[in-house]
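A.B. asks: What follows is a predicted structure for the sequence shown.
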Amino acid sequence: METSRLTAERIKQYLDEGKRFDGRKLDEFRDIEVEIGISKNAEGSVRIKMGKTEVLVGVKMDVTTPYPDSPDKGNLMVTSELLPLSSERFEIGPPKFPAIELGRVIDRMVRESKVIELEKLCIKEKEKVWNVLIDIYSINDDGNLVDAAGIGAIIALKNARVPKYDEENEKVLFGEWSNKNIPLKKEIPLSITVHRVGKNLIVDPTREEEDICETRVTIGSHEGTIHSMQKGDLGTLSIKEFGEILDLNDKVWKSTFKQIEKYLK
Amino acid sequence: MTTKKTKSEVERPDGREFDETRPITAKVGIIPNADGSAMFSFGDTIAIAAVYGPRKMHPQHSQNPAKGTLRCNYNMLSFSVTERIKPGPSRRSMEISKITEWALEPVLMIENYSNMVIDVHIHIIQANASTRCAGINAAALALAHAGIPMRDLVSSVSIGKLDKSLVVDVSKAEEDWEEGEGATDIPITMTSHGEMTHIQLDGKISKEQLKEAVELAREATKKIYEIQKKALKETGEEK
């Protein structure tokens, strides 16, 4: 159901007073619940819950030929599905724009931060490289799927094992794992999305709050170094607001990272 | 009508008795947005299901004034299996979706919902064989949880034949059985009164032994039914 105008007005009124329906501050994330290893058959998998929002993220790997422009590097692919199971607003059928955007935004967070050391995933130059596939599924949409997905992607990568590879027959032994992890840099990126409602900036909106947002900026960064960014929706931003968004992102990045740090060891 | 409790001649890979399912868990009310939802697992096989509806069927020309429409969608998450499945529908998943509709609709009082549709979304999170059975069990629970009037519940289980012996609730290791006559897989769904709403078979089996397999399924689905009933009674505020 769409958020009614009455609810929207009330949310805005609250925000002007620095309050939210669920008692959070404007710059406060919900508690992040993490469950690692939800599928034994995945290289890495995780369930992320933030309030009623829930996503599953899995990492699988296989071996393919490299792209011509990166003959000595592994491949990365991120896909996402907004399952009709997770909201009455999502329908069966080919992915629509929100699902495509979600996948692409997370893809760029991972790719541009170079957190995966893809050069270490080359088996034979120009011929065989590892392919890292990150798949994101929404299970319940109560807002901010994108940040939940980004957190899930990073934790799933961090906890993923590389499958065994039979070098003689040049075959992946699916279902058997080596003791190697996916090579990751220490500089872990997170995506944080800041939403603007009226003159207020908020993070981690619920579905109702997300509905009334005029614009949003998703930033993939690590400790103040920004690697990817996307502004979404029609609302405009003044230069001053944009500066505030960057500052807010910095602050929320730190508190969010703190919440999930223990899963990244 | 009781099954002969003959000890299976094969040693099951996980040491189970021939008529023993893997540990079952069932939980209702796992997806807040849905009108009804449930998870059901046989050991490492985990299925979740959500029900949306009954709601108006769109487009209008798909509406059926005689009765409502049950629309099931079975899907395996890409990382639920060891070799990644490409996301999106496949011939296999489309068939299982239809089979699931046929397994469930006979117990639904769907005639009450002319021009409406009830959507059931089933996803396999982790697969270790018998996924369609876990999916049907989760879906039956989710439909009941959604408060859709039902004549009965359905429970589903796979009966396997390993070489010459029948076993209940086939695991992946058993599905790949190669010794002797190999593996035969017979997923069966029944109401709590023993009416069959679904049966499939892949492999090789005699008429007599198939009858025995159905009796085994009857006993196993009785146990599953009790677990499903218990899960439904345990729901409450969560919905």
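C.D. replies: Great, that's in hand. Numbers count the residues shown, from 1 in each chain, chains lettered A, B, ... in the order given.
A.B. asks: going forward, measure contacts and count neighbours with C-alpha atoms only.
C.D. replies: OK.
A.B. asks: where along chain B do the helices fall?
C.D. replies: For chain B, the helices defined by DSSP state H cover B:91-104, B:131-145, B:172-175, B:207-233.
A.B. asks: same check, this time on the stretch 51-200 of chain A
C.D. replies: Assigned by DSSP state H, counting those that start in this stretch, the stretch 51-200 of chain A shows helices spanning A:97-112, A:145-158.
A.B. asks: Now look at the shortest one and say if it contacts chain B.
C.D. replies: No: figure legend: helix A:145-158 not in contact with chain B (Cα under 8 Å from any Cα of the partner chain); closest approach 11.5 Å.
A.B. asks: Likewise for the longest one?
C.D. replies: No: no part of helix A:97-112 sits close enough to chain B to count as contact by Cα under 8 Å from any Cα; the gap is at least 12.7 Å.
A.B. asks: Buried residues of that helix, list them for me.
C.D. replies: A:99, A:101-112 (16 or more other Cα atoms under 10 Å in any protein chain shown).
A.B. asks: Between the residues you listed, which sits nearest residue B:199?
C.D. replies: Distances from residue B:199 to the buried residues of helix A:97-112, taken as Cα to Cα, are shortest for residue A:99 (36.1 Å).
A.B. asks: Next, the contact list for that closest one, please.
C.D. replies: Taking Cα atoms under 8 Å, 6 or more residues apart in numbering or on different chains as the criterion, residue A:99 is in contact with A:80, A:81, A:82.
A.B. asks: Restricting to those, which residues neighbour chain B?
C.D. replies: Okay, of the contacts of residue A:99, nothing touches chain B (Cα under 8 Å from any Cα).
A.B. asks: In a markdown table: those, plus neighbour count and pLDDT.
C.D. replies: Putting the contacts of residue A:99 into a markdown table (neighbours: other Cα atoms under 10 Å in any protein chain shown; pLDDT from 0 to 100) gives the following:
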| residue | neighbour count | pLDDT |
| --- | --- | --- |
| A:80 | 24 | 96 |
| A:81 | 22 | 96 |
| A:82 | 25 | 97 |
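A.B. asks: The closest residue to residue B:146 other than its chain neighbours: neighbour count?
C.D. replies: Sequence neighbours aside, residue B:36 is the residue nearest to residue B:146 in space, at 3.9 Å (criterion: Cα to Cα, 6 or more residues apart in numbering or on different chains). Residue B:36 has 26 neighbours, counted by other Cα atoms under 10 Å in any protein chain shown.
A.B. asks: can you tell me which residues contact residue 191?
C.D. replies: As the question left the chain open, I've gone with chain A. A:106, A:109, A:146, A:147, A:150, A:151, A:218, A:219, A:220, A:221, A:253.
A.B. asks: That was the other one, I meant chain B.
C.D. replies: B:107, B:152, B:153, B:154, B:155, B:197.
A.B. asks: Distance of the fifth one relative to residue A:95?
C.D. replies: In this case it means residue B:155. Distance of residue B:155 to residue A:95, computed by Cα to Cα, to the nearest Å: 33 Å.
A.B. asks: Now do the nearest residue to residue A:181 once chain neighbours are set aside, the pLDDT please.
C.D. replies: Counting by Cα to Cα, 6+ apart, residue A:161 is the residue found nearest to residue A:181 once chain neighbours are left out, at 4.6 Å. Looking at residue A:161, its pLDDT stands at 96.
A.B. asks: number of nearby residues for residue A:161?
C.D. replies: 22.
A.B. asks: since we're on the residue lying closest to residue A:131 once chain neighbours are set aside, how many residues are nearby?
C.D. replies: In space, residue A:131 comes closest to residue A:75 once its chain neighbours are excluded; the distance is 4.5 Å by Cα to Cα, 6+ apart. Per other Cα under 10 Å, the neighbour tally for residue A:75 reads 25.
A.B. asks: Show the contacting residues for residue A:75.
C.D. replies: A:66, A:67, A:118, A:129, A:130, A:131, A:132.
A.B. asks: Residue A:119 is in contact with the first one, correct?
C.D. replies: No: the pair formed by residue A:66 and residue A:119 falls short of the contact definition of Cα atoms under 8 Å, at 11.1 Å.
A.B. asks: Among these two, which residue is more densely surrounded?
C.D. replies: The residue with more neighbours, out of residue A:66 and residue A:119, is residue A:66; 22 against 16, by other Cα under 10 Å.
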